[in-house]
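Undergrad: give the three-dimensional model of this entry:
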Amino acid sequence: MHPTRVSIPSFRSENNSMEKGYTVFKIDVLVNGRLYSVEKRYSEFHALHKMLKKSIKPPEIPSKHVRNWVPKVLEQRRHGLELYLQTIIMENEVLPKIFLDFLNIRHFPSVPKTESCGSFDTESDELSKLSHQPVTLFLRDPYLLPSAHDSLSNVVIEGVVHGVFYPDLQPRRASRRHGPIC
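TA: You can find the predicted model right below:
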């Protein structure tokens, strides 16, 4: 099952004085549990189709020449474009970059799992180099005060925590065993 799902739940007509009216399709995109929407005109679908033909064999796209003002025809086009996007997702294990860009999906270079272990069967050196971000690891939360049974409390962390979160709290002092002051 692919982690990307798409649907086209609606469309709307746009009219302005500068150009002929056109239809905008709302595409709902669900990626890794995150849902968002993008809007595209049919001309953008058509441009995507032309670009995809250079790298994959895309499914048929609904006809370019229809009477846009007929609601039934627009509904058929909406459904056809939805099936078009869903078919591309179902038929391609790795989605083309142009397709991901069309849906505004942030993408990363696809690197086979074996490459993380340093595979020698790489097609290019570019793919074999993994990018990593620096990581800081704490065995326990450094912002919590040391536990009561910790005989060597971390004075620096304790001071920072008290200074940031309890600025009015007086620092702990060693317990005094003095008698009453006379």
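
Undergrad: Val6: neighbouring residues, count only.
TA: Using other CB atoms under 10 Å, Val6 is surrounded by 19 other residues. Quick note: C-beta positions are derived from backbone N, CA and C, even for glycine.

Undergrad: pull up the gap between Lys97 and Arg106, please.
TA: 11 Å (CB to CB, to the nearest Å).

Undergrad: so those two - more neighbours on which side?
TA: Using other CB under 10 Å, the more surrounded residue of Lys97 and Arg106 is Lys97, with 14 against 7.

Undergrad: helix or strand next in line after the one helix or strand in the chain whose mean pLDDT sits lowest, which one?
TA: Sorting the helices and strands of the chain by mean pLDDT, DSSP states H and E puts helix 125-128 at the bottom, at a mean of 48. Next helix or strand after helix 125-128 toward the C-terminus (DSSP states H and E): helix 155-165.

Undergrad: I'd like the mean pLDDT over that next one, please.
TA: Helix 155-165 shows an average pLDDT of 71 in the prediction.

Undergrad: contacting residues for Asp98?
TA: Careful, residue 98 is Ile and not Asp. Residues near Ile98 by CB atoms under 8 Å, 6 or more residues apart in numbering: Leu48, Met51, Leu52, Ser55.

Undergrad: so which of those is the most crowded?
TA: Busiest of these [other CB under 10 Å] is Leu48, holding 22 neighbours.

Undergrad: OK, contacts around the residue nearest to Ser7 when sequence neighbours are not counted?
TA: Nearest non-adjacent residue to Ser7, counting by CB to CB, 6 or more residues apart in numbering: Asp28, 4.9 Å away. The contact partners of Asp28, taken as CB under 8 Å, 6+ apart, are Val6, Ser7, Ile8, Pro9, Leu35, Tyr36, Ser37.

Undergrad: out of these, who has the most neighbours?
TA: Busiest of these [other CB under 10 Å] is Ile8, holding 22 neighbours.

Undergrad: excluding its backbone neighbours, what's nearest it?
TA: Spatially, and ignoring its direct neighbours in sequence, Ile8 is nearest to Glu82 (4.1 Å; CB to CB, 6+ apart).

Undergrad: Val38 and Leu103 touch, don't they?
TA: Yes: here Val38 reaches Leu103: they are 6.2 Å apart, a contact under CB atoms under 8 Å.
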